[in-house]
Each structure stands twice: as C-alpha cells, then as structure tokens.
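Q: how would this look folded up:
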Amino acid sequence: MVSSPTFDDGVPHERIDADEWEDIYVVGDVHGCLPELESLLDDLAPSADDLVVFVGDLIRKGPDSIGVVELVRENDNFRSVRGNNEQKLLDGDVELDEFGEAEIEYVRSLPAAISWADALVVHGGVDPRKPLSEHSIDDLETTRSLDPDGSYDRPFWFEEYDGPRRVFFGHTVLERPVEREWAVGLDTGCVYGGTLTAYEYRADEFVTRPSQRTDTSRSDDSIVTPRSH
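A: Sure thing, here's the model as predicted:
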C-alpha cells in the first residue's frame, strides 16, 4: 500500500477510503457535454454505493456547463478535482453568465487532487522531476509536456513518470485513452467530436460514449496519439 500523497499546505487534497465504495469510476473531461455524460452514466449505472470521480474541466466549450455542474454537485457519491477551466472561472479570466454564487462556491470547493489507495486523480498531471510536495495547484492543473518550448511537444509527463502512484488525468486531448502502468489518460475530446471516456477502477477497463456533436474545433497537432510501450 502506497502512503497518502503529501502536498504543499496550499494545495487542497481529498483522501478517500476506497474500501467504503463497491466500485469506483473515473470520468474524463466533460466540458459541458451533458447528454454524453448522462449516456455514459446510464452505461455505468453507478449505485449510491459506487464512487464517480471526475478529472476536472466539467465546464466551458460545450453547451451545458451549468447542467453538468448541477448533476455532479447534487450527487453525494460524485467528486471532481478542479481543472484549469474551473480555475479560469475562479480567477475571473472567463465568465459563465448562468453561474450564480452557489455554483461558483461549489467550483471553489473542488480539491486540486483526490487520492485513494495507490491512485491519484489530478487534472493535468505531475512532474516526475520533482516531489509532489513541490507541486503547485497550477502544476497539477496544467502539466502536460516536459519540453519547456511547447505544451504539445514530447516528452509528455506521463511518458516519463514511473510511479509510485497510478495517476488518472485529463487536460491532454488524446486520440484514444492512455493506459500505462503508472498513468491513465481520459480526455478523449468529447467536446471536439471525440468520445467521453470513463475508467472502471476495479474492473480495469474503459467505457466510452461517442460525442453527439462537435462543439469546438481543434487542430490535429493538439490531439495526442499515445505511443505503444
């Protein structure tokens, strides 16, 4: 059993006891795609005894950010980390007119990391060149490439990371899910016409639902094809 990760005091982290939940599902970036999320949840059929964890970026770019946040907020067995798009909302860099005080406070309450057993959920990733205790909220929300000259230039952090925790992440848009020993990537570009992906933690398998529309375009050079390993 890997010990609970240690973060800087300024990084909010929620530790979960996995034994309290029958199944655990981790869901990729939703970006306001409520119909696809509802369809995916119909496939997963989580009970009140199952935990559903989101990798952040519940909001923006898609058609129904408020609907997605309300769905997640109203289910006691749903959790989410804060993505970079939630952070942009909190920092005042973007506005969502339909969000009131209650929705803003919910977004503000989201941790930057959720963990259980040997698993860690963050939005962006972790930098294998430094300990978790030196990671900022921004690091956890936006880490992607380890090349200082380009966010979509290899190597990506998950290609270099070797544990000891298996990290579930979004943020990097993927042609297909990343499944490595120490990293599971779940942003398969639903809002860009791809799929919405979930991972069944105990069954060790992916569940996907196709996008019903393309809400936002994205260039091919910012969609990553995972390498075989």
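Q: could you pull up phi and psi at Leu120?
A: The phi/psi pair for Leu120 (degrees, to the nearest 10) reads phi -140, psi 130.
Q: pretty sure it contacts Ala112?
A: No: using Cβ atoms under 8 Å, Leu120 is not in contact with Ala112; the gap is 10.9 Å. No exception for glycine: its C-beta is placed from N, CA and C like everyone else's.
Q: and the closest residue to Glu160 other than its chain neighbours, how far is that from Pro226?
A: Distance criterion Cβ to Cβ, 6 or more residues apart in numbering; nearest residue to Glu160, sequence neighbours excluded, is Pro128 at 5.1 Å. Relative to Pro226, Pro128 is positioned 17 Å away (Cβ to Cβ, to the nearest Å).
Q: circling back to that earlier point, any idea how many residues pack against the residue nearest to Glu160?
A: By other Cβ atoms under 10 Å, the residues close to Pro128 number 18.
Q: can you check the one 4 residues further on too?
A: Under the neighbour criterion other Cβ under 10 Å, Leu132 is assigned a count of 20.
Q: so which residues of this protein form helices?
A: 34-44, 65-73, 84-90, 101-109, 137-142, 157-160 (DSSP state H).
Q: need those in CSV with mean neighbour count and mean pLDDT, can you?
A: Formatted as CSV, those follow (neighbours: other Cβ atoms under 10 Å; pLDDT from 0 to 100):
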stretch, mean neighbour count, mean pLDDT
helix 34-44, 17, 97
helix 65-73, 19, 98
helix 84-90, 21, 98
helix 101-109, 14, 96
helix 137-142, 21, 97
helix 157-160, 18, 97
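Q: those helices: which one's closest to Phe54?
A: When the helices of the chain are compared by Cβ to Cβ, helix 65-73 sits nearest Phe54, at 6.4 Å.
Q: pLDDT below threshold where in the chain?
A: Scanning the chain with the threshold set as pLDDT under 70 gives 1, 229.
Q: quick check, central residue of it?
A: By Cα atoms, centre = their mean, the chain has its centre lying nearest to Val55, at 1.6 Å.
Q: which residue comes closest to it once chain neighbours are left out?
A: Val55 sits nearest to Gly170 (Cβ to Cβ, 6+ apart), 3.7 Å away.
Q: which ones are touching that neighbour?
A: Residues near Gly170 by Cβ atoms under 8 Å, 6 or more residues apart in numbering: Gly28, Asp29, Val55, Gly56, Asp57, Gly83, His123, Gly124, Gly185, Leu186, Asp187.
Q: got the contact list for Ala112?
A: Phe7, Val11, Pro12, His13, Val81, Arg82, Val122, His123, Ile137, Leu140, Glu141.
Q: measure it to Val55 for me?
A: In terms of Cβ to Cβ, Ala112 sits 12 Å off from Val55.
Q: tell me, what's touching these two both at once?
A: In contact with both Ala112 and Val55: Val81, Val122, His123, using Cβ under 8 Å, 6+ apart.
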